[in-house]
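K.L.:
return a 3D structure for these sequence lines:
(one chain, ligands or ions: 2)
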Amino acid sequence: MYSIQAFNAIADAGLKLIEEDLDFVLNSETQEPDGYIARSFNFHNYAIGEQVKGIARAGAGVNNIPVEHCTERGIVVFNTPGANANAVKELVLTCIMASSRNLFDAVKWTAEIEDRGKEIPELVEKGKKQFVGTEIKGKRLGVIGVGAIGVLVANDALELGMEVVAFDPFISVETAWRLSQNVRRAITLEEIFSTCDYITMHVPLNDKTKGLLNENAFKQMKDGIRILNFSRGELVDEQALKLAIEEGIVENYITDFPNENILGTNKVIGVPHLGASTKESEENCAVMAARQLKHYLKTGNIKHSVNLPDVEIPFSGKRRLAVMHKNIPGMVGRMTGILAKFEMNIADMINRSKDAWAYTIIDIDNEIDETTEQNIKNSVNEIQGTVSVRLL
Ligand SMILES: NC(=O)C1=CN([C@@H]2O[C@H](COP(=O)(O)OP(=O)(O)OC[C@H]3O[C@@H](n4cnc5c(N)ncnc54)[C@H](O)[C@@H]3O)[C@@H](O)[C@H]2O)C=CC1
Ligand SMILES: O=C(O)C(=O)COP(=O)(O)O
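P.N.:
Ligands and ions are numbered 1, 2, ... in the order given. Coordinates of the predicted model:
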C-alpha cells in the first residue's frame, strides 16, 4: 500500500481518488509518505521524507518546490498543466475591466458612505465623477508568456475588442495552434513595453524571468499603463515599480501576490492569490494531480512531470524495473547486463530523457524472490548516475 500526504486545501474530488483506492492511504499517521500532493505549500524549507518518490503540485507553478534537489534525490515532480488556466484567465479579464473602470476604489468609496442614510443617493451622484474610467475596446494589451493561461487571455481579450500583442520566444507548437491569428507577435519585449496600454504576465518564475519588469522596462512604458501580475510577485522589481508609480508611468499594478513592500502603496491593487481559486479549477487540479501521482507510484509511468520526460508503456511483464538516472551513455546497457546476470528475461523496455536526466522502464518476464529483488536493486543502485530504483 502506498501512502500519500496532502498539503493545503486539496479539493475533495482529488482526495477521494486516493482515499477510495485500496492500494493507497491518505495522511497515514503510521506509514511514511511515498508521495505528496500539494498546492502552494513551500517545500524549500521542509524536510522531504526519505520514502518520498513523487510530489504532485495541484497547479501550475512549481517554484514552491526545490525541483533540482528533488531530481537529485530521485523524486519525480508533477504539475497539472492547464487545469487552472481558465480560472486565472477569467480573473485577469475581470481585473483588466474592473481597474479600467476604477471599480476597486469606487466600491471602497461607496462602502465608506454606508452610514449616511438618506443622503446616499445624492452623495453617489456627486461622487461618481471621481471614478470616471476608460474602456478597454481598442486599447492594446501585451501578453508576456503565451502558455495555457496566456493563450486564453490573448484570444478572449481580442473578443472584447482589444488589440493584442504577445511575446513568447518558447511558445509550444500546441499553443501556437490555439492562438488566434489576430494576435500580433512581438519579437522583443521592448515592443510590448513601449506600445501597450496594459501588460499581463503569464510566465513561470525562474532565473530568467525574475525581475522581468525592472527599472529599464518601466522607463520604456507609456504613461498610464496598467500592469497585471497573476504569475509570481518576484517577476517585478518592486522598488522600480514604486518609482514608476510615483513618476506617473504606472496607473495600476494589480497583483495576486501582495506583500509588505507594496501593499498600501498608492495604485497597487492586491488580490489574495485567488487566480486558481474556483471550485472548478481546484477540482481539475486536485483530480489531475492525484491521478498522476497514483499512476506513477503504482505503475512507474510518468505523465506531466516537470523534471522528467513523459514515459508510458503498458505493464507487459511480471515485474517492472523503473530507474531514474543521469542522461549519460551506457546506462541502459549496464541495467540490462545486471538483469542478464540474474537470468531475467526482458519483456519490454523504454528509455526517455529530458535535459540532463533520463528514466528507464524495463518489464521483466520472471517472478522475482525477495533476495533477488534486493540484489538487483542494489546492483542497479551502484551504477554511477542512478538516483532511484524501484522494482514494482
Ligand atoms: N495566480 C494563480 O493562482 C496562478 C498563477 N500561475 C502562474 O502562471 C504561470 C504560467 O502558468 P501557465 O500558463 O499555466 O504555464 P505554461 O507553462 O502553460 O505557460 C508558460 C509560458 O511562458 C513562456 N515563457 C517561459 N519563459 C518565458 C520568457 N522568459 N519570456 C516569455 N515567455 C516565457 C513559456 O514558453 C510558456 O508558453 C505559472 O508558472 C504560475 O507561476 C498559474 C496558475 C495559477
Ligand atoms: O497553479 C499555480 O501556479 C498557482 O499559483 C495556484 O496556486 P494555489 O493552488 O491556488 O495555491
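K.L.:
what does the stretch 251-392 of the chain put close to ligand 2?
P.N.:
When proximity is defined by C-beta under 6 Å from any ligand atom, the stretch 251-392 of the chain lies next to ligand 2 at 273, 275-277. Where you see a C-beta, it was placed from the backbone N, CA and C, and this is true even at glycine.
K.L.:
ok now do the residue in the chain positioned nearest to ligand 2, which residues does it touch?
P.N.:
Nearest residue of the chain to ligand 2: Gly59, at 2.6 Å (C-beta to the nearest ligand atom). With contact taken as C-beta atoms under 8 Å, 6 or more residues apart in numbering, Gly59 is in contact with 39-40, 79-80, 83-84, 276, 285.
K.L.:
quick one: which of those sit in helices?
P.N.:
With DSSP state H as the criterion, helices contain Cys285 from among the contacts of Gly59.
K.L.:
if you rank the contacts of Gly59 by neighbours, which is first?
P.N.:
Across those, neighbour numbers were computed from other C-beta atoms under 10 Å; Cys285 holds the maximum, 28 neighbours.
K.L.:
what's the nearest residue to Glu231 if we skip its chain neighbours?
P.N.:
Not quite, residue 231 is Ser, not Glu. With C-beta to C-beta, 6 or more residues apart in numbering as the measure, Met201 is the residue that lies nearest to Ser231, at 4.8 Å, once sequence neighbours are left out.
K.L.:
is it true that the one you found touches Ala217?
P.N.:
No - look at Met201 against Ala217 with C-beta atoms under 8 Å: they stay out of range, at 10.9 Å.
K.L.:
who has more neighbours out of the two?
P.N.:
For Met201 against Ala217, the residue with the higher neighbour count under other C-beta under 10 Å is Met201, and the figures read 25 against 22.
K.L.:
beta partners of the more buried one?
P.N.:
Note on Met201: beta-bridge partners by DSSP bridges are Ile144, Asn229.
K.L.:
before we move on, what about Ile225?
P.N.:
In this structure, Ile225 has the following beta-bridge partners (DSSP bridges): Val250.
K.L.:
which residues touch it?
P.N.:
Applying C-beta under 8 Å, 6+ apart as the definition, the contact partners of Ile225 turn out to be 196-199, 249-251.
K.L.:
residues contacting Ile187?
P.N.:
Phe167.
K.L.:
cutoff 6 Å now
P.N.:
Under the criterion of C-beta atoms under 6 Å, 6 or more residues apart in numbering, the contact list for Ile187 is empty.
K.L.:
quick one, phi/psi of it?
P.N.:
Main-chain dihedrals, Ile187, degrees, to the nearest 10: phi -90, psi -30.
K.L.:
quick one on the thing from earlier: and which of the contacts of Gly59 is nearest to ligand 1?
P.N.:
Distances from the contacts of Gly59 to ligand 1 were compared by C-beta to the nearest ligand atom; the smallest belongs to Ala276, at 3.8 Å.
K.L.:
report the contact partners of that closest one.
P.N.:
So Ala276 contacts 59, 84, 87 (C-beta under 6 Å, 6+ apart).
K.L.:
and which of those residues is nearest Asp363?
P.N.:
Minimum distance to Asp363 across the contacts of Ala276 is 32.7 Å, recorded for Gly59 (C-beta to C-beta).
K.L.:
tell me, what's the model's pLDDT at the closest one?
P.N.:
Here, the pLDDT recorded for Gly59 equals 98.
K.L.:
for the remainder of this discussion, apply numbering that starts at 25.
P.N.:
In the new numbering, first residue 25, that becomes Gly83.
K.L.:
a strand runs through it, doesn't it?
P.N.:
No - membership of Gly83 in a strand is not supported by DSSP: H, G, I helix; E, B strand; the rest coil, which gives coil.
K.L.:
model confidence for the closest residue to Ile34 other than its chain neighbours, exactly?
P.N.:
Residue nearest to Ile34 in three dimensions, not counting chain neighbours: Ala310, with 4.8 Å by C-beta to C-beta, 6+ apart. pLDDT recorded at Ala310 is 98.
K.L.:
next one: Lys318 from ligand 1, what distance?
P.N.:
Computed as C-beta to the nearest ligand atom, to the nearest Å, the Lys318 to ligand 1 distance reads 22 Å.
K.L.:
that should have said Leu165, apologies.
P.N.:
Leu165 sits at a distance of 15 Å from ligand 1 (criterion: C-beta to the nearest ligand atom).
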